[in-house]
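J.: quick one: sequence plus predicted model below, questions after.
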Amino acid sequence: MSLPIITVPKMNYRLVEVDGIYFPDIFAKDPAKRMSDIKNLQGRNDDVIIAAYPKAGTHWVWEIANMLLTKSLEYHEKPKEAMMMEMVETSQLEDLPSPRIFNTHLRFRHLPEDIISRKCKVIHVIRNPKDMAVSRYHHVAMSKDSEYSGTFHEYLSLYFEGKIAFGSWFDYTQDWDNVIEQNKDYPIHVMVYEDIKLKPTEQIMKLAEFLGVKIDEDFAKEVADRCSFTKLKDAHANHKSHFDITKANPFDYAFRKGTIGDWKNWFTVAEDEQFDALCAERNIRKAFIYDLPEDS
Ligand SMILES: Nc1ncnc2c1ncn2[C@@H]1O[C@H](COP(=O)(O)OS(=O)(=O)O)[C@@H](OP(=O)(O)O)[C@H]1O
């Protein structure tokens, strides 16, 4: 069966529509098979999944979770397979040592059935969607996979329409919101990028509790420090192999700026209003649209 394919203007890769999301055709020759292989992946009770829309801070949370689960402040060279579970053959995921921490941009319904039936812990990371739009634009403009040659404003139109990898932020957010609402007995811990940024120790303590890891506040402080933007960026500069896919500085898009509210430097007033109107139209809950107070 041939799947709908979308060619995105000024973007190197094409998007294949599989089960309601747009899958970049560079990740897999047969995206439908990849999605079905993921569904069939054998789980382990201590698997952890970090699920987030692109640019929510997935890799940051991965480092924090890894330090907590291993109770170590060492930087772990992230296995390529842990980058995004949908980016690699599932056979590579099977061999990873425990505890496996998988990153994904997929929806809850796409996750491995065995992992879900074991009630493995899921961390759902959210971030101000306007900042994610800016961050994603830089990613696609810098990555040699996408080599996006449009302007920020052209990209933002695609973002509003959802014609981008993994689909619309509005759909993604509503989908996860419904899942959390309807599966109250499933262990899903929501982390807000801005909260981690502003109160890292508190957020790390809460994550440790969710993961069932006993730590004291001093350890949480040390994890926060080791995972600060500057230190993580430096650490990853030494682990080049995972981020060597860009044509410019290979680390610029993975650890670009790490700030709250950069969208104000990029959105026009009209775009800001359009985005807010779409949020209202789609009944997106305020909790998903973090913003800085006016006077900050
Ligand atoms: N330690 C720390 N502190 C604050 N911010 C951080 C940190 N680490 C990563 N980042 C920022 O997170 C953005 C990348 O998000 P993801 O890891 O989810 O990207 S991806 O979807 O996996 O490509 C990207 O955001 P922008 O800087 O706004 O582009 C990264 O810089």
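T.: Cool, got the structure.
J.: around the ligand, which positions in this structure sit nearby?
T.: By CB under 6 Å from any ligand atom, the part of the chain that sits against the ligand consists of 52, 54-60, 131, 135, 138-139, 197, 227-229, 232, 255-258, 262. Where C-beta positions appear, they are placed from N, C-alpha and C, glycine not excepted.
J.: tell me the contacts of the closest residue to the ligand within the stretch 101-250 of the chain?
T.: Here the stretch 101-250 of the chain gets closest to the ligand at one residue, S135, 3.2 Å apart by CB to the nearest ligand atom. Taking CB atoms under 8 Å, 6 or more residues apart in numbering as the contact definition, S135 lies against K55, Y253, R256, K257, D262.
J.: swap the cut-off to 10 Å and go again
T.: 54-57, 127-128, 253, 256-259, 262-263 (CB atoms under 10 Å, 6 or more residues apart in numbering).
J.: which among those end up buried?
T.: Applying 16 or more other CB atoms under 10 Å to those, the neighbour count classes P54, K55, A56, G57, R127, N128, Y253, R256, G258, D262, W263 as buried.
J.: contacts for the helix or strand where R34 lies next, please.
T.: When secondary structure is defined using DSSP states H and E, the element that contains R34 is helix 31-39. Under the contact criterion CB under 10 Å, 6+ apart, helix 31-39 has outside partners 1-3, 5, 15-19, 21-25, 27-28, 30, 85-91, 93, 102, 104, 106, 109-116.
J.: hmm, back to that, ok so the residue of the stretch 101-250 of the chain closest to the ligand is a helix residue?
T.: Yes - the assignment for S135 (DSSP: H, G, I helix; E, B strand; the rest coil) places it in a helix.
J.: and the pLDDT for it?
T.: What the model reports for S135 is a pLDDT of 96.
J.: next: H138.
T.: Looking at H138, its pLDDT stands at 92.
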